[in-house]
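Trainee: Pasting the sequence and the predicted coordinates here, then a few questions.
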Amino acid sequence: MPENAVIGQFERRLVELGCPAVRARARARELSDHFADLQEAGVEDGLSEKEAEGRAAAQLGEPAKLAEYLVWTMRQSSWWGRHPILGFCVLPLIGFIPAWVLCGWALIAFVWLAGHLLGPAYLVTRETAHALALDPVEFSRYAHPLNLALNGAASALVAVLFCLLARRSASGLKWIATACAVCSIGCAFSHTEIVPGSVAVAWVSKPNWTWATAPCLVAALALARYWQVVRRLPACSGDSGGTGYNAGLSPAAGTTESWGRRFLTTPTYWISTPLLLALLVLGSLAGQRIARGRVELLNVPARLETLRKQAWPAESAAVIARIKSREICVNTNQRTVDLLPWVNVPLDISNTNLAGPADAALLDLPLGAHVFGNTLFDVSGKIQLMGRALLKEHRCYPVLRKGILIHQKCSQIYLLHGASHAVDLETNVAKLVLHYVDGSVREIAIVAGGQLLDSWGPVYTTPAADEQLAPKAPGTELAWVGRPDGLGDKTPWMAARIYQSAFANPQPAVEIASVDYVSTLTSAAPFLLGLTIEE
């Protein structure tokens, strides 16, 4: 038999039995080198080229037999090759959930890295995620594609992993297909979902075949790759002595060994199988809620649902009632400051540059002279300043508004203000720069968590977790809340929040000429609605 035919049949048989194409090619090159050595030895013994080639082929033996023996040794050197029943029929059933957890951690790492590389505008903090979880409407915009991505990636990952293990152990296409089929079953009966307040991970009784398609696609790709490799190799001739992908010669007996006999005589089967079955039984006992659909791992959403339906609406109504009771001015020494020349966002019309529930709710804010938190303010619009979070929304506003005229001595300065994207608490998001007639300058810091919270958030008083529900600075209170049409009915505990803050004048004996309202360019975008001074 010519050398090319011997080497080609040897390589083809290796691939048919499950040896990876790269390793099969390397083994074929080794056999080709050995064939050349035998042929050269025949020529040195005085044989012709053709006779030396024939003797070399006879000395090597049948190519298919050589391939079967080599694959048998490869399988015996791998745990997965020695235990294909456990490795490709049992373990894939429980592979989806660990793969989902791994994909989840990879996503968290990616988000963290993106936030630190691209800047604060892309940084997702704990406060951001928690605030998002409290709003089911907004949460669903992110949760649905997130669940699709995580479940799809996990089902594909577990199938690819077992395919690689089958290839590495030379177990063959049969075990690749078996592992993918079992992966499909495991994915169909596994349930993982991120919902507001919890993460659900469980095995379920009602299958969902959506995620079972990914392992089937992986198996189809493996089959296409297999036929692509086999098609370029010459066909084997004669009876190989093997039977498909189960063929494998024992070095002692020289005959095909059945998988049943190997299963019964391998000691590790008697150890690993009971252990694995015990783990499955323990997992089933721990998942008492499998029949109902899921196991809650983080916290129980039933409490959160009770708060949403019972406690929070009542608490929000009480907060609004208290705000209404504070809309009475008892101080006659207050003077409002006209901010109209510095207003850059009107409230009485819809502004196309603004989007979000808080912006829509501000359309209901009373214009003109009105009392908020026992303080009279003259509201003529919004002085909106820039924040880094607005960069990814393609919105641009000034960093400061200079020269707001005061020309009066005062002891207290009152602000009616807020800030969107104020998720980083204890951060200085804005400041008032006071310019006095004697040329001196003083600054007053406006801190997220101190003088304000995010302009859209909860108005209840019972926390769901550890969220901050009220500013901590003395002299600051929730002065007005508003809900956009439609959305307020779905989440009655959420609203646009405007705060009133009182600041002591650092130099009450000196007349203030003007003030500057300045953003510190954090992620928060501060805005000013009213300014009042008290003599």
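Mentor: Good, I have the coordinates.
Trainee: For the residue nearest to I94 when sequence neighbours are not counted, give me its contacts.
Mentor: In this structure, I94 finds its nearest non-sequential neighbour in G186, 6.7 Å apart by Cβ to Cβ, 6 or more residues apart in numbering. The way it works is simple: take the backbone N, C-alpha and C, and place the C-beta from them, glycine included. Going by Cβ atoms under 8 Å, 6 or more residues apart in numbering, G186 touches 92-96, 158.
Trainee: which one among these gets closest to Y460?
Mentor: Taking Cβ to Cβ as the measure, Y460 lies nearest F96 of the contacts of G186, at 37.7 Å.
Trainee: Need phi/psi at the residue nearest to I94.
Mentor: phi -60, psi -40 (degrees, to the nearest 10).
Trainee: Please report the distance of it from P98.
Mentor: G186 sits 11 Å away from P98, taking Cβ to Cβ, to the nearest Å as the criterion.
Trainee: What about the contacts of G186, which one has the most neighbours?
Mentor: Among these, V158 has the most neighbours (other Cβ atoms under 10 Å), with 33 neighbours.
Trainee: Just the pLDDT for that residue.
Mentor: pLDDT, V158: 89.
Trainee: now the helix or strand harbouring it, how far from the chain's geometric center?
Mentor: Using DSSP states H and E, V158 maps to helix 136-168. Remark: helix 136-168 is offset 10 Å from the chain centroid, using Cα atoms, centre = their mean, to the nearest Å.
Trainee: before we move on, back to that, who touches both of G186 and P98?
Mentor: Common neighbours of G186 and P98, counting by Cβ under 8 Å, 6+ apart, are V158.
Trainee: coming back round to it: got the contacts of G186 as CSV, with distance to G482 and secondary structure columns?
Mentor: Below are the contacts of G186 laid out as CSV (distance: Cβ to Cβ, whole Å; DSSP: H, G, I helix; E, B strand; the rest coil):
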residue, distance to G482, secondary structure
P92, 53, helix
L93, 52, helix
I94, 50, helix
G95, 50, coil
F96, 45, helix
V158, 48, helix
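Trainee: Helix or strand for the residue nearest the centre of the chain, just tell me which one.
Mentor: Geometric centre of the chain, nearest residue: L107, 4.0 Å, by Cα atoms, centre = their mean. When elements are assigned from DSSP H and E, L107 belongs to helix 96-118.
Trainee: Quick one: work out the angle between that helix and helix 136-168.
Mentor: Between helix 96-118 and helix 136-168, the angle comes out at 110 degrees (axes from the mean of the first three to the mean of the last three Cα atoms, to 10 degrees).
Trainee: so what does helix 96-118 touch, helix or strand wise?
Mentor: helix 136-168, helix 173-188, strand 190-195, strand 198-203 (3 or more Cβ pairs under 8 Å, 6 or more residues apart in numbering; DSSP states H and E).
Trainee: And the ones you listed, which one averages the lowest pLDDT?
Mentor: Comparing mean pLDDT across the helices and strands packed on helix 96-118, the lowest value falls on strand 198-203: a mean of 71.
Trainee: what's next to the helix or strand just after that one, contact-wise?
Mentor: The first helix or strand that comes after strand 198-203 along the chain, using DSSP H and E, is helix 213-231. Contact with helix 213-231 is made by 12, 15-16, 21, 152, 155-156, 158-160, 163, 173, 176-177, 180-181, 183-184, 187, as judged by Cβ under 8 Å, 6+ apart.
Trainee: So which bits of helix 213-231 are buried?
Mentor: Across helix 213-231, burial judged by 16 or more other Cβ atoms under 10 Å covers 214-216, 218-219, 222, 226, 229.
Trainee: cool, and stretch 504-513?
Mentor: Under 16+ other Cβ under 10 Å, the buried positions of stretch 504-513 are 505, 510, 512-513.
Trainee: so where do the strands sit in the stretch 301-450 of the chain?
Mentor: For the stretch 301-450 of the chain, applying DSSP state E, counting those that start in this stretch gives strands covering 334-336, 368-372, 375-379, 383-384, 400-408, 412-420, 427-436, 441-448.
Trainee: Now mean pLDDT, distance to C103 and mean neighbour count too, for these, in TSV please.
Mentor: TSV is the format used below for the strands of the stretch 301-450 of the chain (pLDDT from 0 to 100; distance: least, Cβ to Cβ, whole Å; neighbours: other Cβ atoms under 10 Å):
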stretch	mean pLDDT	distance to C103	mean neighbour count
strand 334-336	94	56	17
strand 368-372	93	48	16
strand 375-379	95	49	22
strand 383-384	94	39	24
strand 400-408	94	44	15
strand 412-420	95	32	25
strand 427-436	96	32	20
strand 441-448	96	33	18
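Trainee: quick one: low-confidence parts of the stretch 401-535 of the chain?
Mentor: Low-confidence segments of the stretch 401-535 of the chain (pLDDT under 70): 485-490.
Trainee: quick one: contacts for K472?
Mentor: Listed by Cβ under 8 Å, 6+ apart, the contact set of K472 reads 449-450.
Trainee: Begin at 497, not 1, for the rest of this chat.
Mentor: Renumbered: residue one is now 497, and that last one reads K968.
Trainee: Please parse this structure into its domains.
Mentor: For the chain, automatic domain parsing gives the domain ranges 499-567, 576-728+742-782, 797-1030.
Trainee: can you pull the contacts of R525?
Mentor: Not one residue lies near R525 by Cβ under 8 Å, 6+ apart.
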